[in-house]
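[1] this is a predicted model, with the sequence first.
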Amino acid sequence: MTRTLVVLLAFGLMTSTLLAQRITVDTTYKQPYRPQYHFSSRTNWINDPNGLVYYDGEYHLFYQHNPFGNQWGHMTWGHAISRDLVHWQELPPAIPEEGATMIYSGSCVIDKTNTSGFGQDGRVPMVAIYTGARQDNQSQHIAYSLDKGRTWIKYARNPIIDLKRKDFRDPKVFWHEPSQHWVMIVLLPTDKKALFYKSSNLKEWTKAGEFTANDSPASIWECPDLVEVPVDGTMERKWVLMLSMGNNGPAGGSGMQYYVGQFNGSTFINESKPGELRYVDWGKDYYAAITFNNLPRRGNRGAISIGWMNNLQYANDVPTTPFRGAMTLPRELRLVKVPAPVNRYELRQQPIQELKPLLGPTFQWTGTDVAQLNQSLASNSLSSDTYWLQLELEAAKTGVGVRVKKEEAAQGKGEETVIGYDPASQQLYVDRSRSGHVGFKKEFPGRFTAPLKPQNGRISLQIWVDRSSIEVFGNNGEVTLTNQIFPKSDSRGIEFFGEGLRSVLIRSVEPIWK
């Protein structure tokens, strides 16, 4: 038995004990700020999603996790599984910190033809590729599992790539079918440079290309993803390169941007115009999103991503306990080709269809009298504090929108989060300045915007409201805004405003935790 395996087994016993301790801390998932239909760890800190992969009926969500506290540290891969991408079962941590080496972000693949040689007795290996991080060095490592991710063995000859660099991290690996080899995209963060490697066996890698872009406002890049997605209404597919920005995101602090182009098996060929900045999400709390590997065939549906719902400016300080950090809803990614004069491919994101069974009874309204709508809603108040809204707005009118998580007893100065559209500036916005607990960090409160032009004079909004977050999808996912909020548990009011509202659907969202 190798030393690594002994450590893993010892860690497994320790984490089983920790998990048992967690269960005594909380089994209800009913804390005031606990997400009810977004994934969060039962206790302690989480950040970047890692190793998103599907295998044998299970979706695997690995993630950066501190098993010992609710602030960043002791980076270990946490682990949860799902059969529907909606309901999650948290498992013991998967790949542990070992000595002075923390387990940073990475990805997972299913080595179906056993190119690595890790498979045994017909068992297909799941291979994790991650950054082993020491104080002055970051290098790329692998580990493998033969029992669907429950236990892991670290490769005896790690690291597989070591440039002797302090900052060299976050590998995303996938199989490139046309070239018949594995591809790794990994970053030199402070150089804002993506390096491409190829391999026939996941163990030995050859540099194949690199990508950089002078138009990015970020000072560092992290957590890359490169994925091929369909173009709506065509048989065409294009490659999307997503990069997390450590700062200077669209709402301040961290964020994400993307480029569209081609991939030839060796490097990414950017087709985005210089200076044409495109953001994955315009809100304050969307970072490190990556897509699933090895998804089952789903017709012409797009890739599926999950992101970390937080911002590096205040992630250690958000007022939650005994957990800290949550994931976004899974999103389906597609492209549309916008005709001249824009003449470019743009990302579209929608919550996955698998969320629909969570939706409860419907409150429905059409008309022009917002006062009548608010009165009708007051007499049919939602019993749930988690819900989904769909709004159709007439953009030619004055500012219009909805106030959610509104403090009922307040006279205009209480808690509320405002989602609205300003037709003069053609901007969709989320204002959380008075959304509840906002004073824990000066960067938290604010009004965050995204450019959005009407379609046939209308704006459509899909809004997912959880206990401590709001995800807004404008015009069928043309723009998204993701933001955390921390309201009082009794701030449950909903109030519509403006003359342009034309239709409303509201449905409760059932919790995923039983």
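    Looks like it came in fine.
[2] and V280, what does it touch?
    Contact partners of V280, counting by CB atoms under 8 Å, 6 or more residues apart in numbering, are 242, 255-258, 286, 289, 307, 347, 349, 480. (Each C-beta comes from the backbone N, C-alpha and C, glycine too.)
[3] whoops, N47 was the one
    Contact partners of N47, counting by CB under 8 Å, 6+ apart, are 63-64, 72, 288, 308, 310, 315, 325.
[4] what about the residue nearest the centre of the chain, distance to S469?
    What sits nearest the mean C-alpha location of the chain, by CA atoms, centre = their mean, is G307, with 1.0 Å. Counting by CB to CB, to the nearest Å, the gap from G307 to S469 is 12 Å.
[5] in the stretch 351-500 of the chain, which spans are strands?
    Per DSSP state E, counting those that start in this stretch, the stretch 351-500 of the chain carries strands over the ranges 359-366, 387-394, 400-406, 416-422, 427-434, 447-451, 458-466, 469-474, 479-484, 493-497.
[6] hmm, back to that, identify the contacts common to G307 and S469.
    Common contacts of G307 and S469 (CB under 8 Å, 6+ apart): T482.
[7] hmm, back to that, okay, the strands of the stretch 351-500 of the chain, which one's buried deepest?
    Using mean count of other CB atoms under 10 Å, the stretch among the strands of the stretch 351-500 of the chain with the largest mean neighbour count is strand 479-484, at a mean of 26.
[8] name the helices or strands packed onto that strand?
    In terms of contacts (3 or more CB pairs under 8 Å, 6 or more residues apart in numbering; DSSP states H and E), strand 479-484 is packed against strand 427-434, strand 447-451, strand 469-474.
[9] pull up the pairing partners for the first one, direction included.
    Just to be clear, that refers to strand 427-434. Strand 427-434 has the following sheet partners, assigned by DSSP bridges: strand 416-422 (antiparallel), strand 447-451 (antiparallel).
[10] what residues sit buried inside stretch 362-382?
    Applying a neighbour-count criterion of 16 or more other CB atoms under 10 Å, the buried positions in stretch 362-382 are 363, 365, 370, 373, 377, 382.
[11] who touches the helix or strand that contains the residue nearest to the centre of the chain?
    In the assignment (DSSP states H and E), G307 maps to strand 303-308. Where contact means CB under 8 Å, 6+ apart, the residues beyond strand 303-308 that reach it are 39, 46-49, 52, 61, 63, 85, 225, 227-229, 240, 242, 256, 280-281, 286-292, 295, 325, 327-333, 349, 352, 482.
[12] can I get the strands of the stretch 351-500 of the chain in CSV with distance to N270 and mean pLDDT?
    Compiled in CSV, the strands of the stretch 351-500 of the chain are given as follows (distance: least, CB to CB, whole Å; pLDDT from 0 to 100):
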stretch, distance to N270, mean pLDDT
strand 359-366, 39, 94
strand 387-394, 35, 96
strand 400-406, 36, 96
strand 416-422, 32, 97
strand 427-434, 27, 98
strand 447-451, 22, 98
strand 458-466, 30, 97
strand 469-474, 26, 98
strand 479-484, 22, 98
strand 493-497, 42, 94
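[13] how about those strands, which one is nearest P319?
    Smallest distance to P319 across the strands of the stretch 351-500 of the chain (CB to CB): 10.1 Å, for strand 479-484.
[14] low-confidence ranges in the stretch 251-400 of the chain?
    In the prediction, the stretch 251-400 of the chain carries residues with pLDDT under 70 at positions 381.
[15] can you report phi and psi for T190?
    Comment: the main-chain dihedrals of T190 come out as phi -70, psi -20, following degrees, to the nearest 10.
[16] wait, it sits on D167?
    Yes. Between T190 and D167 a contact is recorded at 5.2 Å, counting by CB atoms under 8 Å.
[17] how far away is the closest residue to R169 other than its chain neighbours from D48?
    Spatial nearest neighbour of R169, excluding adjacent residues (CB to CB, 6 or more residues apart in numbering): T131 at 4.1 Å. As for T131, its distance to D48 is 11 Å (criterion: CB to CB).
[18] what is in contact with the two at once?
    Residues touching both T131 and D48 (CB under 8 Å, 6+ apart) are S105.
[19] E97 contacts H74, doesn't it?
    Yes. The pair E97 and H74 passes the contact test of CB under 8 Å, sitting 5.2 Å apart.
[20] and these two? Which one has more around it.
    Neighbours around E97 and H74, counted as other CB atoms under 10 Å, are more numerous at E97. The numbers are 21 against 17.
[21] what residues does the more buried one make contact with?
    Under the criterion of CB under 8 Å, 6+ apart, the contact list for E97 reads 74-76, 103.
[22] how much space separates I306 from A288?
    With the distance defined as CB to CB, I306 ends up 9 Å from A288.
[23] what is in contact with those two at once?
    The overlap between the contact sets of I306 and A288 (CB under 8 Å, 6+ apart) consists of P49.
[24] excluding chain neighbours, what is closest to G360?
    The spatially closest residue to G360, leaving aside those adjacent along the chain, is S508, at 3.7 Å (CB to CB, 6+ apart).
[25] need the contact list for the one you found.
    When contacts are taken as CB under 8 Å, 6+ apart, S508 is in contact with 359-361, 382-384, 386-388.
[26] can you pull the pLDDT of it?
    Each residue has a pLDDT score; the one for S508 is 95.
[27] pretty sure K397 is touching E499, no?
    Yes. Here K397 reaches E499: they are 4.4 Å apart, a contact under CB under 8 Å.
[28] what's the burial count for the nearest residue to M102 once chain neighbours are set aside?
    By the measure of CB to CB, 6+ apart, the closest residue to M102 outside its immediate chain neighbours is M75, 3.9 Å from it. When neighbours are counted by other CB under 10 Å, M75 registers 25.
[29] equivalent analysis for the one 10 residues further on, please.
    Other residues lying near L85 total 20 when counted by other CB under 10 Å.
[30] can you read off the pLDDT for it?
    97.
[31] go on, T76?
    What the model reports as pLDDT for T76 is 98.
[32] measure it to R432 for me?
    Distance of T76 to R432, given as CB to CB: 31 Å.
[33] just to check, L481 is in contact with D431?
    No. Look at L481 against D431 with CB under 8 Å: they stay out of range, at 10.6 Å.
[34] which neighbours do the two share?
    Joint contacts of L481 and D431 (CB under 8 Å, 6+ apart) are F448.
[35] export stretch 95-111 as PDB, just CAs?
    What follows is stretch 95-111, C-alpha atoms only, in PDB (Å, rounded to 0.1, in the frame of the first residue of the first chain):
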ATOM      1  CA  ILE A  95      -9.200  14.700  -2.900                       C
ATOM      2  CA  PRO A  96      -7.500  16.000   0.300                       C
ATOM      3  CA  GLU A  97      -5.000  18.600   1.000                       C
ATOM      4  CA  GLU A  98      -1.700  16.700   1.700                       C
ATOM      5  CA  GLY A  99       0.900  18.300   3.900                       C
ATOM      6  CA  ALA A 100       1.900  21.700   2.400                       C
ATOM      7  CA  THR A 101       0.200  21.000  -0.900                       C
ATOM      8  CA  MET A 102      -3.400  22.300  -1.300                       C
ATOM      9  CA  ILE A 103      -5.700  20.900  -4.000                       C
ATOM     10  CA  TYR A 104      -6.700  23.800  -6.200                       C
ATOM     11  CA  SER A 105      -9.100  23.900  -9.100                       C
ATOM     12  CA  GLY A 106      -9.200  21.500 -12.000                       C
ATOM     13  CA  SER A 107     -11.400  19.100 -14.000                       C
ATOM     14  CA  CYS A 108     -12.500  15.500 -14.400                       C
ATOM     15  CA  VAL A 109     -12.700  13.200 -17.400                       C
ATOM     16  CA  ILE A 110     -13.900   9.700 -18.100                       C
ATOM     17  CA  ASP A 111     -11.100   7.700 -19.700                       C
END
